[in-house]
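Enquirer: Okay, sequence plus prediction incoming.
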Amino acid sequence: MLKCCGGAGALAGALLLLGTGCQASTEAGPTPGASGTPSVGQAAGQDEESTPGPAAPLPSGTGRAGLPDPPTTDSPSPRGTAPPEATGGEGTVLTSGTARLPRAPRADRRPLVSLPLPAAASGGGVVAGYPRPALSPVARSDALATSVSPARRSLQVGLSARSGRTPEGVLRHYRRRLAERGFREAPIVAVAGSEATVFRRGRDTVTITTRDAGSTTHYSLLATLWARRS
């Protein structure tokens with residue numbers, strides 16, 4: 001009887017020790033999924049959660065951050081409208097904001113003298129055959145002497161006068177008259193105390209010399225004019 005009880009007690013003690021060892025090994029050993037290394041299923045789940053999906057398309061007409069797109073400048077004009085264009089005709093608008101200046105009147109290029117040339121003459125005042133009105137003396141001036149001298153197809157013309165106008169006023173008178181007849185102006189060298197200007201048109205030349213005499217202006221004219229049959 002004691003022998004049996006002793007064997008049973010030893011068996012119970014062995015089982016108790018075996019159970020205690022299994023429990024200790026279970027607590028000390030790693031459990032699946034409890035370590036720092038995730039399982040395949042867990043890694044796949046985490047990748048699916050952390051990987052962002054494709055961005056949803058923005059509504060039409062919006063830019064970044066959902067703001068509306070800025071208006072474009074190259075959009076076509078509405079139908080029926082067109083940019084302003086030029087209309088024909090002189091003195092009209094050529095392009096938007098640009099206007100054409102009126103054309104200068106056509107110069108009268110007829111010769112100042114014609115054949116037959118006048119006879120030679122000289123004297124006080126304006127002699128016969130003097131080419132007027134292109135070379136007429138300045139208004140309100142005294143023609144001290146004039147002369148005309150023919151030479152084959154050209155005429156030599158001379159004038160000496162004085163005027164109450166300034167030297168510039170005298171030049172302005174002849175500048176306007178001769179520009180209307182197609183002459184071009186060019187300054188030339190004059191004697192000290194005087195100013196001189198020459199006007200040319202083809203072979204025709206008109207030289208004006210002015211001198212300021214204080215209250216009056218003394219001026220002279222010397223011209224060579226070529227004629228043609230009228």
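Expert: The structure has been received and is ready for your questions.

Enquirer: Which strand or helix spans residue 178?
Expert: helix 167-179 (DSSP states H and E).

Enquirer: CA atoms only: put that helix into PDB for me.
Expert: Extracted in PDB, the C-alpha atoms of helix 167-179 (Å, rounded to 0.1, in the frame of the first residue of the first chain):
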ATOM      1  CA  PRO A 167      15.400 139.400 -90.900                       C
ATOM      2  CA  GLU A 168      13.600 136.300 -89.900                       C
ATOM      3  CA  GLY A 169      10.300 137.800 -91.100                       C
ATOM      4  CA  VAL A 170      11.800 138.600 -94.500                       C
ATOM      5  CA  LEU A 171      13.100 135.100 -94.900                       C
ATOM      6  CA  ARG A 172       9.700 133.700 -93.800                       C
ATOM      7  CA  HIS A 173       8.000 135.600 -96.600                       C
ATOM      8  CA  TYR A 174      10.300 134.100 -99.300                       C
ATOM      9  CA  ARG A 175      10.400 130.700 -97.700                       C
ATOM     10  CA  ARG A 176       6.700 130.400 -97.900                       C
ATOM     11  CA  ARG A 177       6.400 131.700-101.500                       C
ATOM     12  CA  LEU A 178       9.200 129.600-102.900                       C
ATOM     13  CA  ALA A 179       8.200 126.400-101.000                       C
END
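
Enquirer: Packing partners of it?
Expert: Judged by 3 or more C-beta pairs under 8 Å, 6 or more residues apart in numbering; DSSP states H and E, helix 167-179 is in contact with strand 184-188, strand 194-201, strand 204-212, strand 217-226. (Glycine included, C-beta is placed from N, CA and C.)

Enquirer: out of those, nearest to residue 109?
Expert: Distance to residue 109, taken as C-beta to C-beta, is lowest for strand 194-201 among those, at 7.3 Å.

Enquirer: which helices and strands sit right next to that closest one?
Expert: Looks like strand 194-201 contacts helix 167-179, strand 184-188, strand 204-212 (3+ C-beta pairs under 8 Å, 6+ apart).

Enquirer: Do you have the strands of this protein handy? List them.
Expert: Using DSSP state E, the strands of the chain run over 93-95, 98-99, 114-115, 121-123, 141-151, 154-163, 184-188, 194-201, 204-212, 217-226, 228-229.

Enquirer: Generate a markdown table for those strands, with mean pLDDT, mean neighbour count and distance to residue 177 as supplementary columns.
Expert: Below are those laid out as a markdown table (pLDDT from 0 to 100; neighbours: other C-beta atoms under 10 Å; distance: least, C-beta to C-beta, whole Å):
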| stretch | mean pLDDT | mean neighbour count | distance to residue 177 |
| --- | --- | --- | --- |
| strand 93-95 | 43 | 12 | 33 |
| strand 98-99 | 54 | 9 | 30 |
| strand 114-115 | 93 | 14 | 18 |
| strand 121-123 | 98 | 12 | 22 |
| strand 141-151 | 97 | 17 | 14 |
| strand 154-163 | 98 | 20 | 13 |
| strand 184-188 | 92 | 11 | 12 |
| strand 194-201 | 96 | 17 | 9 |
| strand 204-212 | 97 | 20 | 9 |
| strand 217-226 | 98 | 19 | 11 |
| strand 228-229 | 72 | 9 | 21 |
